[in-house]
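K.L.:
I would like to see how this sequence folds:
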Amino acid sequence: MTSSKNLPHSQRLAERKGDHIELASKARTTSVEVDPRFDYEPLFFTHPSATSRWPTKFLGFDLEYPVWVSSMTGGTEHAKTINQNLARLCGEFKLGMGLGSCRSLLKDRSRLSEFAVKDLLGAQPLFANIGVAQLQELVAADALTQVHELVRITESDGLIIHINPLQEWFQPEGDRFTVAPLETLQRFLDSARYPVIVKEVGQGMGPRSLRALLDLPIAGIELGAFGGTNFTLLESLRGEEEVAREGFIHVGHTAREMVGYLNALPLRGKEFIISGGVSSMLDGHELLSRLKANALIGMASAFLAPALKDYDSLKQFFLAHREALLTAKSLLTVKEDA
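P.N.:
You can find the predicted model right below:
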């Protein structure tokens, strides 16, 4: 088979037909393989062009697509390269970005250059990131000004707080929660003067936790649902896993389950990032369509390999996903009962 574009039209046509004959038996599907979530509507479709956009508002910012680069890395050897490439992508395509954990900057600014990417984003939103375990310590020490300073020195537009009790429990050097995260959040928010997003890091949250967050004066919630990178599993792979803890790796809530919970709750004007278990842009399109609130698709680990390689690889990776998202938006209608 060939894909040469330099051959005469008649020869290309003949080769394409030959390819079809050769591959027909390999390309068969059965009815059980159909994706039941969507109505396929080809009569109303045009292919996305290089100038196609999906303009989206998020927390007052203008985005060209409903895509958020979720928090990934910080304080590691390759963090600077990864963050700079991701920030450049967000600046070029008008996306939003969350930094990886900025914990290392609380007491030592020697790695600040790894997080100093705001100039590459321009007007696009950049959010710093800290764990609730660190907030717990700073609340106890009456030192929350360190967090506010962290937001300032990274030139961030707000802060993401990640909630990760299972990850910390499995982590050999993990922190221990001595105060319920809800109480820590309440005390922190009394002094925060910038938008705050709260997320879980791979297991999602149940309805009680979501209801409690919706009652707080936060700007939004990132779902961080079960089905993506499971940091509890990751930490178990780093240490010597205890059989007594093994089952906890599999607990949590999927993004679709959490969307269902949220749709049954008063959303109080909150905005959302749907991440975790979004393995394709079809998943993203479905979940954005189902959630009865303003939301973005959050992507994290999928960006890591191309971001580490070089910017062109990352750009081509995003363009392929952008095209898939725009195609899904135009071609597929989510079934209400699927």
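
K.L.:
going forward, measure contacts and count neighbours with C-alpha atoms only.
P.N.:
OK.

K.L.:
distance between stretch 102-118 and the chain's centre?
P.N.:
21 Å (CA atoms, centre = their mean, to the nearest Å).

K.L.:
Check what contacts that stretch and list those residues.
P.N.:
74-75, 79-81, 83-84, 87, 99, 126, 128-131, 134, 146-147, 150, 154-156 (CA atoms under 8 Å, 6 or more residues apart in numbering).

K.L.:
among the residues you listed, which are in helices?
P.N.:
Ala79, Lys80, Thr81, Asn83, Gln84, Ala87, Gln134, Gln146, Val147, Leu150 (DSSP state H).

K.L.:
Just the buried residues of those residues.
P.N.:
Neighbour-count burial (16 or more other CA atoms under 10 Å) is assigned, among the ones in helices among the contacts of stretch 102-118, to Ala79, Lys80, Thr81, Asn83, Gln84, Ala87, Gln134, Val147, Leu150.

K.L.:
Can you tell me which of the residues you listed is nearest Gly60?
P.N.:
Ala87 (19.0 Å; CA to CA).

K.L.:
okay, the closest one: pLDDT?
P.N.:
On pLDDT, Ala87 comes in at 97.

K.L.:
hang on, it packs against Met97?
P.N.:
Yes. Distance between Ala87 and Met97: 7.1 Å, which falls inside the contact criterion (CA atoms under 8 Å).

K.L.:
ok now do the nearest residue to Met205 once chain neighbours are set aside, which residues does it touch?
P.N.:
In this structure, Met205 finds its nearest non-sequential neighbour in His253, 6.1 Å apart by CA to CA, 6 or more residues apart in numbering. Contact partners of His253, counting by CA under 8 Å, 6+ apart, are Gln203, Gly204, Met205, Gly206, Ala225, Phe226.

K.L.:
Just to be sure, Cys90 is in a helix?
P.N.:
Yes. Counting by DSSP: H, G, I helix; E, B strand; the rest coil, Cys90 is part of a helix.

K.L.:
contacting residues around stretch 303-319?
P.N.:
His78, Thr81, Ile82, Asn83, Asn85, Leu86, Leu89.

K.L.:
Redo these as a markdown table? Include distance to Ile274.
P.N.:
Listed next are the contacts of stretch 303-319 as a markdown table, based on distance: CA to CA, whole Å:
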| residue | distance to Ile274 |
| --- | --- |
| His78 | 26 |
| Thr81 | 25 |
| Ile82 | 22 |
| Asn83 | 21 |
| Asn85 | 22 |
| Leu86 | 18 |
| Leu89 | 20 |
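
K.L.:
Closest one to Gly60 out of the residues you listed, please.
P.N.:
Leu89 (20.0 Å).

K.L.:
Would you check that Glu323 makes contact with Pro48?
P.N.:
Yes. The criterion here is CA under 8 Å, and Glu323 meets it with Pro48 at 6.5 Å.

K.L.:
okay, the two: which has more neighbours?
P.N.:
Between Glu323 and Pro48, counting by other CA atoms under 10 Å, Glu323 is the more crowded of the two (18 against 15).

K.L.:
how near is the more buried one to Ser330?
P.N.:
Distance from Glu323 to Ser330, counting by CA to CA, to the nearest Å: 11 Å.

K.L.:
now Leu182: how far from Asn164?
P.N.:
Distance from Leu182 to Asn164, by CA to CA: 12 Å.

K.L.:
what ranges do the helices span in the stretch 201-338 of the chain?
P.N.:
Shown for the stretch 201-338 of the chain, the helices assigned by DSSP state H, counting those that start in this stretch span residues 207-214, 231-238, 255-263, 281-290, 301-309, 311-331.
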